[in-house]
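>>> Fold the following for me, if possible:
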Amino acid sequence: MFFSIKLAQATDTPYIPLTDFGDNPGALTGFYLPATDGSNVSHPEETSLVVLLHGCIQDSVELANKSGLTSLAIANQFAVLVPQQSYDNNVKGCFNWFASQDTQIDSGEMLSIKNMIITTQEKLGAKHVYVIGLSAGGAMASAAIVNYPNLFQSGAVIAGLPYPCADNLIKAISCMKQEPAQSIEELIQFAKAIHPQQTHWPSLSIWTGDSDNVVNANNAKMLASQWKVLTQSNAKPTVTNESGYSISRWKDPQNKQSIELVTIKDFGHGIAVNPDIKHGGEESDYLLRAPISSVIEVIKLWGL
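Residues are numbered from 1 along each chain as shown. Purely as a prediction, here's the structure:
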């Protein structure tokens, strides 16, 4: 989960610094990309906002650019929000996904991210909000959709972990290398305890590499199992095997796809990019070449 992407300057991109977003106990910063100038949108009230949570030692704007998300947003006219961690908060620039004070509902970094999302949503008039998280950001995305299921339409966790997985660094390392110490039932009950009356949970796209030596692929399987019960999805998925990857899909009681688990063969720790296709992203540290692009497939799944 330790990234070495050279930090980009947000001022070199069309992203705008986000200021005045309310309480910021996590001391985060952020940037946003408006969906459009409004001149060619027939239904501005249907604007969507995609939130991208970066991994350790990553610049959020550069990740958006290199993953293909920025160009997709401009082409498809949806907005993007990229919260940014600081080295003052974490020596590796990671979101503190393993610290209870930063992952519990309305606390620390979690509250900062929530306030950024709500402020940007109101500023841009975005109707639906989606979240994509990579690695440490994937773990934070898991926490966000458990804490605020009504805030998100859907989520995508890439090389991430279930929530709650750890509440200290030692447990975090164990979880990354193996899987959560909690049982699947305990993961489910934790989410239900936060929202005992919740009947609808966001759909979820989960991505893992079968050769990921940073975050064990068992985490993706357990996340899918947790979400399968929360969304009341069918027990057995439909599995599609493609060249270089497989996709397991579950449907909810309304016969809508609620979960997909994408497992990429011979793939390590990172987000999948395919530089050979438009908006497919570019190879870099922890942006790894694959037969498909994670961002393209997720955005397509969400219909954006």
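
>>> Least confident secondary structure element in this protein?
The weakest-scoring helix or strand in the chain, judged by mean pLDDT, DSSP states H and E, is helix 169-177 (a mean of 92).

>>> list the buried ones in that one?
Across helix 169-177, burial judged by 16 or more other Cβ atoms under 10 Å covers Ala172, Cys175, Met176. Yep, even glycine has a C-beta here, placed from its N, CA and C like the rest.

>>> got it, and stretch 212-229?
Residues 212, 214-217, 219-229 are the ones in stretch 212-229 that count as buried (16+ other Cβ under 10 Å).

>>> Can you flag which of those residues belong to helices?
Asn219, Ala220, Lys221, Met222, Leu223, Ala224, Ser225, Gln226, Trp227, Lys228, Val229 (DSSP state H).

>>> Quick one: the helices in the stretch 1-150 of the chain, in order.
Applying DSSP state H, counting those that start in this stretch to the stretch 1-150 of the chain gives helices spanning 60-67, 69-76, 100-103, 108-124, 136-147.

>>> okay if I get those helices as CSV plus mean pLDDT, mean neighbour count and distance to Pro162?
Output for the helices of the stretch 1-150 of the chain, formatted as CSV (pLDDT from 0 to 100; neighbours: other Cβ atoms under 10 Å; distance: least, Cβ to Cβ, whole Å):
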stretch, mean pLDDT, mean neighbour count, distance to Pro162
helix 60-67, 97, 25, 22
helix 69-76, 96, 20, 24
helix 100-103, 96, 19, 12
helix 108-124, 97, 21, 16
helix 136-147, 98, 29, 6
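
>>> Only the C-alpha atoms, please, for stretch 117-128, written as PDB.
Extracted C-alpha coordinates of stretch 117-128, given in PDB (Å, rounded to 0.1, in the frame of the first residue of the first chain):
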ATOM      1  CA  ILE A 117     -19.000  15.500  -0.700                       C
ATOM      2  CA  ILE A 118     -22.100  17.300   0.500                       C
ATOM      3  CA  THR A 119     -20.600  20.800  -0.200                       C
ATOM      4  CA  THR A 120     -19.500  19.800  -3.700                       C
ATOM      5  CA  GLN A 121     -22.900  18.100  -4.400                       C
ATOM      6  CA  GLU A 122     -24.700  21.200  -3.400                       C
ATOM      7  CA  LYS A 123     -22.300  23.500  -5.300                       C
ATOM      8  CA  LEU A 124     -22.700  21.600  -8.500                       C
ATOM      9  CA  GLY A 125     -26.300  20.400  -8.100                       C
ATOM     10  CA  ALA A 126     -25.300  16.800  -8.400                       C
ATOM     11  CA  LYS A 127     -28.200  14.400  -8.000                       C
ATOM     12  CA  HIS A 128     -26.200  11.200  -7.500                       C
END
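
>>> Across the sheet, point out what pairs with Val273.
Under the criterion DSSP bridges, Val273 forms beta bridges with Arg289.

>>> There's contact between it and Leu288 in this structure, I believe.
Yes: between Val273 and Leu288 a contact is recorded at 6.8 Å, counting by Cβ atoms under 8 Å.

>>> joint contacts of the two?
Counting by Cβ atoms under 8 Å, 6 or more residues apart in numbering, no residue touches both Val273 and Leu288.

>>> about what we covered before: with distance to Gln254 added, can I get the helices of the stretch 1-150 of the chain in CSV?
Shown next, in CSV, are the helices of the stretch 1-150 of the chain (distance: least, Cβ to Cβ, whole Å):
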stretch, distance to Gln254
helix 60-67, 31
helix 69-76, 26
helix 100-103, 30
helix 108-124, 25
helix 136-147, 19
